[in-house]
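Novice: Compute the structure for the input listed below.
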Amino acid sequence: MTEATFQVAFSGPHVTIQDAGRPGLMRYGVPASGPMDRSSFALANAALGNPADHACVEISRGGLSLRCLSGAVTLALVGGGFIAEIAGRKLGAWNAFAIRAGETLSIRPGPWGSWCYLSFAGRLEAATWLGSRATHGASGFGGGRLAAGQVLTITDAQSLPMREGALRCPVWARPRHVLRCTLGPQDRFFADETLATFTSARFEATDAVDRMGMRLRGPAIAPANALSIPSEPILRGSVQVAGDGTATVLLSDHQTTGGYPKIATVLGCDLDAFVQCRPRDAVVFQAVSPAEAIAITRQNAQRLAAFEDRLRARQMP
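Specialist: Reported below is the predicted structural model:
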């Protein structure tokens, strides 16, 4: 069996191992977790012809440095506009490239984006929890958070020179500043003028962000007499509003139930690009009907699938 091994020389906060997620367990209080930017995760695997649920390393703006101890393998880096440096060469994200024993790969944030995915042409060995390698950030259960000194092993490692080279970054993978959403399920607890503010005002991403959610800065959109509602299931993309009118968009590791009112739910296809926003980036919410949301979601799923198919078929001359 061909192996490649890496030692973590440096790892920033929120750098974890993620697979496609842990669905079907929210009824037991277990978040689905999985990648923050699901589209980029899927395309990182597609670039190397990997199965769709292969585990990758999710890299935050804290950055990552890996030293290849043994073997050789082709990697792909997809997501935000990060910068990679290997053996004295600088590469942007949206690239597939080779690394071999003795070389060090350093990844740091570039001009845009907050999350990036490093996939391997081989199997990234990691612990499983409840059938998945996805890491729950707060507990570390799953594949786990990366730490300096840790050794990563890639089994069935392959060098794929025909897949190496620059990848095209589609415009829809860049940060999204207009977030389409459906109002509710607790929009009835907000005054008409508050709903109008929510769908017309400018909000800002803040640095109060982790894998559970991102708090927004903007006009107060306080609910009226809704803070005693029973806890109920919540979803990724819910826009939860605290008593002081502060909105938080819930993300991959969101809690499974909550009692704060949800003014709206952001379409899943917009969340992937939203998480690439950085603090102080502006966002606005655009309300769409449920029928429009279904049509938009289907259209975006078809677009992602077509792009993924082209990547899987891609071979460099």
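Novice: The stretch 151-300 of the chain: strands as residue ranges?
Specialist: 151-155, 165-166, 178-183, 203-209, 213-217, 232-233, 238-241, 247-250, 257-258, 262-266, 282-287 (DSSP state E, counting those that start in this stretch).
Novice: for these, which one sits closest to S119?
Specialist: Closest approach to S119 among those (Cβ to Cβ): strand 151-155, 10.4 Å. No exception for glycine: its C-beta is placed from N, CA and C like everyone else's.
Novice: residues near W94, how many?
Specialist: W94 has 23 neighbouring residues, counting by other Cβ atoms under 10 Å.
Novice: pLDDT averaged over stretch 142-158 - what is it?
Specialist: Stretch 142-158 comes out with an average pLDDT of 97.
Novice: Give the buried residues for that stretch.
Specialist: Neighbour counts over stretch 142-158 (16 or more other Cβ atoms under 10 Å) mark G142, G143, G144, R145, L146, L152, T153, I154, A157, Q158 as buried.
Novice: Make JSON lines out of the strands of the stretch 151-300 of the chain and add distance to L105.
Specialist: Shown next, in JSON lines, are the strands of the stretch 151-300 of the chain (distance: least, Cβ to Cβ, whole Å):
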{"stretch": "strand 151-155", "distance to L105": "11"}
{"stretch": "strand 165-166", "distance to L105": "17"}
{"stretch": "strand 178-183", "distance to L105": "33"}
{"stretch": "strand 203-209", "distance to L105": "26"}
{"stretch": "strand 213-217", "distance to L105": "28"}
{"stretch": "strand 232-233", "distance to L105": "40"}
{"stretch": "strand 238-241", "distance to L105": "36"}
{"stretch": "strand 247-250", "distance to L105": "32"}
{"stretch": "strand 257-258", "distance to L105": "39"}
{"stretch": "strand 262-266", "distance to L105": "33"}
{"stretch": "strand 282-287", "distance to L105": "32"}
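Novice: and P223, how many neighbours?
Specialist: Around P223 there are 22 other residues, counting by other Cβ under 10 Å.
Novice: Check whether it really touches V241, as I assumed.
Specialist: Yes: the criterion here is Cβ atoms under 8 Å, and P223 meets it with V241 at 5.8 Å.
Novice: can you list residues touching both of these two?
Specialist: Jointly contacting P223 and V241 under the rule Cβ atoms under 8 Å, 6 or more residues apart in numbering are F190, P261, I263.
Novice: so where's the stretch 51-200 of the chain shaky on pLDDT?
Specialist: Applying pLDDT under 70 to the stretch 51-200 of the chain picks out no residues at all.
Novice: rerun that using 90 as the cut-off
Specialist: 87-88, 184, 189 (pLDDT under 90).
Novice: before we move on, what about the stretch 201-317 of the chain?
Specialist: Confidence mapping of the stretch 201-317 of the chain against pLDDT under 90 gives the ranges 222-233, 242-244, 258-260, 314-317.
Novice: Helices of that one, residue ranges please.
Specialist: All helices of the stretch 201-317 of the chain, identified by DSSP state H, counting those that start in this stretch, fall at 268-274, 290-313.
Novice: Quick one: list the elements packing against the first one.
Specialist: Secondary structure elements in contact with helix 268-274, counted by 3 or more Cβ pairs under 8 Å, 6 or more residues apart in numbering; DSSP states H and E, are helix 38-46, strand 178-183, helix 290-313.
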